[in-house]
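Undergrad: with the input below, show me the fold.
(one chain, ligands or ions: 2)
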Amino acid sequence: MTKFTDLGLNEALLRAVADMGFETPSEVQEKTIPILLSKETDMVSLAQTGTGKTAAFGFPLIQKIDANSRTTQGLILSPTRELCLQITNELKNYSKYVSGLNIVAIYGGASINDQAKDIKRGAQIIVATPGRMKDMISRRMIDISKIAYCILDEADEMLNMGFYEDITEILSHSPKDKSTWLFSATMPKEVATIAKKFMNTPVEITVGTKNTGTKNVTHEYYTVNARDRYQALRRLADANPDIFSVVFCRTKRDTQKVAENLIEDGYNAAALHGDLSQNQRDLVMKSFRNRQIQMLVATDVAARGIDVDDITHVINYQLPDEIEIYTHRSGRTGRAGKNGVSMTIVSKSEVRKIRSIEKIIQQKFVAKDIPNGMGICEIQLFHLANSIKNTEINHDIDSYLPNIEEVLDGLSKEDLIKKVFSVEFSRFYSRYKNAKELNVSEGNQREDHADEDTTRYFLNVGSKDGFDWMSLKDFLRDLLNLGKDDVYRVDVKDSFSFFNTDTKHQELVLGIFEDFKLEGRHVNVEVSKDGGGKDRGNRRRRDDKSGFRKKRTDDKPSSGAFGDKGKRDYKSKDNSKFAGGGKRRSSDSKPQGTGGRRRRKS
Ligand code: ADP
Ligand code: MG
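TA: Ligands and ions are numbered 1, 2, ... in the order given. From the prediction side, this is the model:
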């Protein structure tokens, strides 16, 4: 087995390695370090998250830098401020026995003048995010004309985040004859393009198979009705009492809502998304690192760079829009040789996406059942038993013991146990005693919602009006003040759309749209004849198929799919329902940017 001493590292680095407790080099380190130390070359190195890439470039870089010169010699570009700070910290640890070496982090959201001062003092290595770096170069606060090494870390993420232009601009200020080392978890074609454009016959190193998930991550999926997603999430959390997890949602809004619901339901949870200030995000990350937060609910963008070891579970509350992103999500667990579980909650119609992801990660998912209520109670009881057993006795309570004993006098050990456990059991028992089965068999290809209790609607707005299925769904559930998954099967066409709700909401839906305007235009909903609910006696069926109603005065020329075929006069009540309702959006507000957040209990 290769040892750190076999790699060609100098004494200062080996001492630091020993201090950090690294025993053997990881595969990417073993393959990369000797090459980078022995020659000047460009390199493309592909390895999963958590495989130790920072040291793979950090050790050779530190060894090659001349710490006696104050010239900036190495530049590391990384996608986020979080990562930037982490890399800087790691490098400082690695170089603790190298005197005179200054490593400076450059990132947005902090004082540019302070950073410029740090640079002025002489920074041999700069770790930067592309945006701030470009800014500082253009203000002549940083000179990279003499760098010998440029490292593009997490290149795939940087390109994902749209930093291509910035990187190009930055590199144009660097010398041609430097060495460029690119590190990435995946090799999308954009990364290949970068490699071609900025590098000279790079040595290529791949650890594991390209684009595969980390080996020590188990992938599980749970099939439930879309509207049961949140309950499923809770059960997964309850069934894993020691969970330390990142929960991924697709949108900021869902992220916020899921986190709020979890907090309301008593979990140690928090949201991490782009609408938070940098300061708020820092606080959240700090609490997460300290384990004060057990469930960090995050968007994909905000979670980039979360680099916390020991995450036990990644939970995909929703699958990402692009399945490639799944790799990034699941890579947040199973780091540094530990095992991790990536759990995905899917509706039946999404099971096929699981199959596509399996192809990408070249690993099979395990189909699992959401634990039932009593199963969870049992898990919690055993968890309690074990934590009682493993708790170290706190002798500060000794002085209270006589009184406690007096209170408990006469109880047998058996009774005592029963009572202690009942305290905990009752909590979960009352939550779960009437809990229903959440699992849906995926073999059954029917839709999530049984035909009997679902109604399909036709709505005369569509993608022409700026909606896609997600924004329309958000818009509808906000407007209707319904829960997360109460509007479903949203299908947006050019100038009209379909969606479903449970039939019990039909009155509400038809009522709200009775006199509804969107940007001055009348919006009309009707129960769709096909593709949804069965005909019911109590349905308020409209006779014609008109999309827009031609209104007496202020109608714009019709552009709806069903135009003005139906000329029924349409009575406007000026949307009094919405005017000044406070809670509801005003009828002519924009569909996007859906107003204030309402909290609902599920
Ligand atoms: P990557 O950049 O590939 O995602 P990191 O460089 O952030 O991974 O390393 C992940 C974790 O593994 C860090 O906590 C790091 O300190 C640790 N680590 C790196 N190399 C080793 C090693 N050889 N032995 C043990 N732990 C290591
Ligand atoms: Mg890294």
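Undergrad: tabulate the CA atom coordinates of stretch 155-169 in PDB.
TA: What follows is stretch 155-169, C-alpha atoms only, in PDB (Å, rounded to 0.1, in the frame of the first residue of the first chain):
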ATOM      1  CA  ALA A 155     -14.700  23.000 -12.500                       C
ATOM      2  CA  ASP A 156     -18.000  21.300 -13.300                       C
ATOM      3  CA  GLU A 157     -19.700  23.300 -10.500                       C
ATOM      4  CA  MET A 158     -18.100  26.600 -11.600                       C
ATOM      5  CA  LEU A 159     -19.400  26.100 -15.100                       C
ATOM      6  CA  ASN A 160     -22.800  25.000 -13.900                       C
ATOM      7  CA  MET A 161     -22.900  28.300 -12.100                       C
ATOM      8  CA  GLY A 162     -22.100  30.300 -15.200                       C
ATOM      9  CA  PHE A 163     -18.600  31.300 -14.500                       C
ATOM     10  CA  TYR A 164     -17.200  30.400 -17.900                       C
ATOM     11  CA  GLU A 165     -16.900  34.100 -19.000                       C
ATOM     12  CA  ASP A 166     -15.300  35.100 -15.700                       C
ATOM     13  CA  ILE A 167     -12.800  32.300 -15.800                       C
ATOM     14  CA  THR A 168     -11.800  33.200 -19.400                       C
ATOM     15  CA  GLU A 169     -11.400  36.800 -18.400                       C
END
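Undergrad: how much space between Asn261 and ligand 1?
TA: For Asn261, the distance to ligand 1 equals 31 Å [Cβ to the nearest ligand atom, to the nearest Å]. Where you see a C-beta, it was placed from the backbone N, CA and C, and this is true even at glycine.
Undergrad: just checking, that residue touches Gln231?
TA: No. When contacts are counted by Cβ atoms under 8 Å, Asn261 is not listed as touching Gln231 (10.2 Å).
Undergrad: more neighbours: the two, which one.
TA: Taking neighbours as other Cβ atoms under 10 Å, Asn261 and Gln231 compare with Asn261 leading, 21 against 17.
Undergrad: next one: phi and psi at the more buried one?
TA: Note on Asn261: its backbone torsions stand at phi -60, psi -40 [degrees, to the nearest 10].
Undergrad: quick check: it vs Lys252, distance?
TA: 15 Å (Cβ to Cβ, to the nearest Å).
Undergrad: how about stretch 94-106, does it reach ligand 1?
TA: No. Using Cβ under 6 Å from any ligand atom, no contact is recorded between stretch 94-106 and ligand 1, whose separation bottoms out at 9.5 Å.
Undergrad: find the helix or strand that the residue of the stretch 451-600 of the chain found nearest ligand 1 is a member of.
TA: For the stretch 451-600 of the chain, the residue closest to ligand 1 is Met470, as judged by Cβ to the nearest ligand atom, at 30.4 Å. Remark: Met470 resides in helix 469-480, with elements defined by DSSP states H and E.
Undergrad: enumerate the residues of this structure near ligand 1.
TA: 22, 25-26, 29, 47, 49-55, 307, 309, 335-336.
Undergrad: which stretches of the stretch 401-550 of the chain form helices?
TA: Remark: helices assigned in the stretch 401-550 of the chain by DSSP state H, counting those that start in this stretch are 401-407, 413-432, 469-480, 506-512.
Undergrad: tabulate those helices (JSON lines), appending mean neighbour count, mean pLDDT and distance to Pro241.
TA: Listed next are these as JSON lines, based on neighbours: other Cβ atoms under 10 Å; pLDDT from 0 to 100; distance: least, Cβ to Cβ, whole Å:
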{"stretch": "helix 401-407", "mean neighbour count": "9", "mean pLDDT": "88", "distance to Pro241": "26"}
{"stretch": "helix 413-432", "mean neighbour count": "13", "mean pLDDT": "82", "distance to Pro241": "10"}
{"stretch": "helix 469-480", "mean neighbour count": "20", "mean pLDDT": "86", "distance to Pro241": "32"}
{"stretch": "helix 506-512", "mean neighbour count": "17", "mean pLDDT": "89", "distance to Pro241": "39"}
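Undergrad: closest one to Phe4 among these?
TA: helix 413-432 (47.0 Å; Cβ to Cβ).
Undergrad: centre of the chain to that closest one, how far?
TA: 36 Å (Cα atoms, centre = their mean, to the nearest Å).
Undergrad: could you list the residues in contact with it?
TA: Residues from elsewhere that reach helix 413-432 (Cβ atoms under 8 Å, 6 or more residues apart in numbering): 238, 372-374, 376-377, 380-381, 384-385, 388, 408, 411.
Undergrad: which one (most neighbours) among these?
TA: Ile376 (24 neighbours).
Undergrad: what's the nearest residue to that residue if we skip its chain neighbours?
TA: Distance criterion Cβ to Cβ, 6 or more residues apart in numbering; nearest residue to Ile376, sequence neighbours excluded, is Asp238 at 4.8 Å.
Undergrad: for that neighbour, give me the pLDDT.
TA: Note on Asp238: pLDDT of 89.
Undergrad: got a list of what it touches?
TA: Asp238 neighbours (Cβ under 8 Å, 6+ apart): 371, 376, 379-380, 428, 431.
Undergrad: wait, which of these is closest to Leu508?
TA: Distances from Leu508 to these, taken by Cβ to Cβ, are shortest for Arg431, at 28.5 Å.
Undergrad: any idea how far Glu204 is from the closest one?
TA: 53 Å.
Undergrad: where does the stretch 501-602 of the chain have low pLDDT?
TA: 529-602 (pLDDT under 70).
Undergrad: for Ala195, pull up the helix or strand it's in.
TA: helix 189-198.
Undergrad: quick one: average pLDDT of that helix?
TA: Helix 189-198 shows a mean pLDDT of 85.
Undergrad: then stretch 290-304?
TA: Mean predicted confidence for stretch 290-304 is 90.
Undergrad: just the terminal-to-terminal distance for it.
TA: This stretch, stretch 290-304, spans 19 Å end to end (Cα to Cα, to the nearest Å).
Undergrad: what's the answer for stretch 355-371, then?
TA: From start residue to end residue, stretch 355-371 stretches across 23 Å - Cα to Cα.
Undergrad: also stretch 342-359?
TA: End-to-end distance for stretch 342-359, by Cα to Cα: 16 Å.
Undergrad: what are the buried residues along that stretch?
TA: By 16 or more other Cβ atoms under 10 Å, the buried positions in stretch 342-359 come out as 342-348, 350-351, 353-354, 357-358.
Undergrad: farthest pair within the residues you listed?
TA: Ser342 and Lys348 (19.9 Å).
Undergrad: what about the residue nearest to Gly108 when sequence neighbours are not counted, neighbour count?
TA: Spatial nearest neighbour of Gly108, excluding adjacent residues (Cβ to Cβ, 6+ apart): Arg132 at 4.6 Å. Other residues near Arg132 number 21, with proximity taken as other Cβ under 10 Å.
Undergrad: what sits against Arg132?
TA: Contact partners of Arg132, counting by Cβ under 8 Å, 6+ apart, are 106-108, 112, 115.
Undergrad: again with Met470
TA: 250-251, 490.
Undergrad: follow-up on the earlier one: pull out the buried positions in the helix holding Ala195.
TA: Going by neighbour count (16+ other Cβ under 10 Å), the buried part of helix 189-198 is 191, 194-195, 198.
Undergrad: what do you get for stretch 98-106?
TA: So stretch 98-106, judged by 16+ other Cβ under 10 Å, has buried residues 98, 101-106.
Undergrad: now do the residue nearest to Lys364 when sequence neighbours are not counted against ligand 1, distance only.
TA: Once flanking residues are discounted, Lys364 sits nearest to Glu358: 5.8 Å by Cβ to Cβ, 6+ apart. To ligand 1, Glu358 is 23 Å away according to Cβ to the nearest ligand atom.
Undergrad: could you number the chain from 702 rather than 1 from now on?
TA: Will do, 702 is the new start, and the previous item becomes Glu1059.
Undergrad: would a markdown table of the contacts of Arg833 with pLDDT be doable?
TA: Converted to a markdown table, those look like this (pLDDT from 0 to 100):
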| residue | pLDDT |
| --- | --- |
| Ile807 | 96 |
| Tyr808 | 93 |
| Gly809 | 88 |
| Ile813 | 95 |
| Gln816 | 96 |
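Undergrad: on that earlier part again, starting at the chain centroid, how far to the helix holding Ala896?
TA: Distance of helix 890-899 from the chain centroid (Cα atoms, centre = their mean) equals 26 Å.
Undergrad: done for today, thanks.
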